[in-house]
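>>> give me the fold of what follows.
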Amino acid sequence: MEKEENQNITPTDENQNLEKETKKPEESLPEENKQETQEATEEFKEPTPEEKITELEDKLARTFAEMENQRRRFEKEKEDAFEYGGFSFAKEALNLIDNLDRSKHVLESDDKLKETDALKKTMEHLEIIKKDLISIFEKNNIKPIDCLNKKLDPNFHQAMMEIEDDAKEAGTIVQEIQKGFTIKDRLLRPSLVGVSKKVTKKEEKTEQNQENSGDK
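As a prediction, the model looks like this:
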């Protein structure tokens, strides 16, 4: 029986079995996988010389733009260092003017020195020294802030107290406690000032007190 079964296998069947065994892997892939393989091959395709040149030109343009931005930044830092390099020194130097003003105030408050020629001469000398200092500062673009009788500006003034004054509009600077300074277009230190506020009338105070006592 085995011999008869072997005899029924034709040469054509043997060739078909051989073709199936030797069939290439790509031919056995589904149609979707073949398309993906083809797309991947096209995706990693070698760029043309023109495309390479365009890419290099783009990289060069970006590099030059970054170099120009960096150059401008360095120039700005250099200018700031030249213009404002003495900022910290100038701020510390203002203590000289403050100390002169304090010395003048102490001498003027001394009862023993009042109305004496020695006090007058001392005050004159201190005032000359102060003017010389301010003149040196101004030559280096360090200028005092003029603030009296002006509206309070938070960019240049710092209010330290309120002073009742009906003659002035509320928020007007009526007292300078410490002089402020600028260096070129920058604030070196703000002016410490007292600003005006409207006087509270006695009648209003009385009414408020009565209302408060009635609430109790």
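>>> switch to C-alpha atoms for all contacts and neighbour counts from now on
Will do.
>>> quick one: the strands in this structure, in order.
142-144, 157-164, 173-178, 181-183, 186-189, 191-197 (DSSP state E).
>>> among those, which comes closest to Phe74?
Closest approach to Phe74 among these (CA to CA): strand 186-189, 20.3 Å.
>>> so in this structure, which helix runs the longest?
helix 49-84 (DSSP state H).
>>> per-residue confidence averaged over that helix?
Averaging pLDDT along helix 49-84 gives 77.
>>> which parts of that helix are buried?
The neighbour-count criterion (16 or more other CA atoms under 10 Å) identifies no buried residues in helix 49-84.
>>> run a quick neighbour tally on Ser191.
26 (other CA atoms under 10 Å).
>>> quick one: neighbours of the spatially closest residue to it that is not a sequence neighbour, just the number.
If the residues on either side of it in the chain are set aside, Ser191 comes closest to Gly180, at 3.8 Å by CA to CA, 6 or more residues apart in numbering. Counted with other CA under 10 Å, the neighbours of Gly180 add up to 22.
>>> now the strands of the chain as TSV including distance to Ile134 and mean pLDDT?
Output for the strands of the chain, formatted as TSV (distance: least, CA to CA, whole Å; pLDDT from 0 to 100):
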stretch	distance to Ile134	mean pLDDT
strand 142-144	8	89
strand 157-164	19	91
strand 173-178	14	90
strand 181-183	10	90
strand 186-189	14	89
strand 191-197	15	91
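>>> among those, which is nearest Ile97?
Nearest of the strands of the chain to Ile97, taken as CA to CA: strand 173-178 at 9.9 Å.
>>> who are the packing partners of the closest one?
If you count contacts as 3 or more CA pairs under 8 Å, 6 or more residues apart in numbering; DSSP states H and E, strand 173-178 packs onto strand 191-197.
>>> note down every partner strand of the strand it packs on and its orientation.
According to DSSP bridges, strand 191-197 forms sheet pairs with strand 157-164 (parallel), strand 173-178 (antiparallel).
>>> contact partners of that strand?
Strand 191-197 has contacts (CA atoms under 8 Å, 6 or more residues apart in numbering) with 145, 147, 152, 156-166, 168-181.
>>> filter the residues you listed to the buried ones?
Burial by neighbour count, 16+ other CA under 10 Å: within the contacts of strand 191-197 this picks out 145, 147, 152, 156-159, 162-163, 165, 170-176, 179-181.
>>> with distance to Phe87 added, can I get the strands paired with strand 191-197 in CSV?
Putting those into CSV (distance: least, CA to CA, whole Å) gives the following:
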stretch, distance to Phe87
strand 157-164, 19
strand 173-178, 19
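>>> out of those strands, which comes closest to Asp101?
Closest among those, using CA to CA: strand 173-178, at 9.3 Å.
>>> contacts for the closest one next, please.
98, 147-152, 163, 191-196.
>>> do that again at 10 Å, thanks
Applying CA atoms under 10 Å, 6 or more residues apart in numbering, the external contacts of strand 173-178 come out as 97-98, 101, 146-153, 157-165, 168, 189-197.
>>> same question for stretch 94-105.
106, 108-109, 119, 122-124, 126-127, 129-131, 133-134, 137, 142, 178-181, 188-189.
>>> mind listing what's buried in stretch 137-153?
By 16+ other CA under 10 Å, the buried positions in stretch 137-153 come out as 137, 142-145, 147, 149, 151-152.
>>> nearest to Leu60, of those?
Distances from Leu60 to the buried residues of stretch 137-153, taken by CA to CA, are shortest for Ile142, at 45.3 Å.
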